[in-house]
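J.: my questions are about this predicted structure, shown below with the sequence.
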Amino acid sequence: MATLDNANPTILSASQLPTRQQRIPLRTGPDLKYNDIIFEKPSYLSRPFCDGQVASWPRSDANDGSLAAAEPIDEQEIYDLISTISDPEHPVSLGQLSVINLPDIHITPAPHTPGVGPNTIITVLVEVTPTITHCSLATVIGLGVRVRLEQCLPPNYRIVVRCKENSHSQDDQVNKQLGDKERVAAALENDTLKGVLDKMLETCA
């Protein structure tokens, strides 16, 4: 078996990672026994007061900027998409290894910028931090992040993945590989590499 680049990395627990995806357990107990009464449809929404009409909250198209409009994708959402990618060497996620960090995700133009529409080109920059400066799998990790985001984000999003400055002894070379579309496309046609990437993305929700 090949020797691991970093056999004893620092590993965070999943509870230490920033996320919006934490599940809140359903509450039970005597304080909920009146829920059926509290949430019952009020009589003034029934006949004869309402003449059979169904009352509801106002709905609107996502284009008119009202309550029903979709929230813009922000850094936390990007982090939630990629932090669960499995490391190719260790059975833990890139978030737990601090390879992916929330402050190292940058979106341009920033979310909630006035005038940004569905056709605006938005750049997502993700800076990865390998666990060691001579990590031989830095390019593979960057490819995994790029593939995951390209699968999940709308087509007007442009993905840029690179090693954080001074985090890798060959960061210029790694960044050049990750930024070359032809090299990325060729790498994704390699069955062995594609198998590694598929394994890395199996842990993503």
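T.: Arrived safely. Numbers count the residues shown, from 1 in each chain.

J.: from memory E165 sits against D171, does it?
T.: Yes - using C-beta atoms under 8 Å, E165 makes contact with D171 at a distance of 6.9 Å. All C-beta spots, glycine's among them, are computed from the backbone N, C-alpha and C.

J.: just want to know which of the two has more residues nearby.
T.: It is D171, of E165 and D171, that has more neighbours when counted by other C-beta atoms under 10 Å, with 19 against 10.

J.: wait, doesn't the more buried one sit right on L178?
T.: No - using C-beta under 8 Å, D171 is not in contact with L178; the gap is 10.1 Å.

J.: so what sits against both of the two?
T.: Shared contacts of D171 and L178 (C-beta atoms under 8 Å, 6 or more residues apart in numbering): R162.

J.: so, low pLDDT: which residues of this protein?
T.: For the chain, the stretches flagged by pLDDT under 70 are 1-8, 21-70.

J.: can we see that at 80?
T.: For the chain, the stretches flagged by pLDDT under 80 are 1-10, 16, 19-70, 205.

J.: residues of stretch 117-136 that come out buried?
T.: 122, 124, 126-131, 135 (16 or more other C-beta atoms under 10 Å).

J.: ok, now stretch 82-98?
T.: Those would be 82-90, 92-98, for stretch 82-98 by 16+ other C-beta under 10 Å.

J.: list just the nearest of those to D191.
T.: Relative to D191, the closest of the buried residues of stretch 82-98 is P88; by C-beta to C-beta it sits at 15.7 Å.

J.: touching, that closest one and V140? I think so.
T.: Yes - assessed by C-beta under 8 Å, P88 is found in contact with V140 at 5.6 Å.

J.: which residues do the two both contact?
T.: Common neighbours of P88 and V140 (criterion: C-beta under 8 Å, 6+ apart): 196, 200.

J.: and the longest helix for this structure?
T.: In the chain, with assignment by DSSP state H, the single longest helix is helix 138-152.

J.: so C163 touches T131, yeah?
T.: No - counting by C-beta under 8 Å, C163 stays clear of T131, with 11.9 Å between them.

J.: list the residues that contact the residue nearest the centre of the chain.
T.: In the chain, the centroid-proximal residue (C-alpha atoms, centre = their mean) is L81; its distance is 1.8 Å. Applying C-beta under 8 Å, 6+ apart, we find L81 in contact with 148-149, 152, 204.
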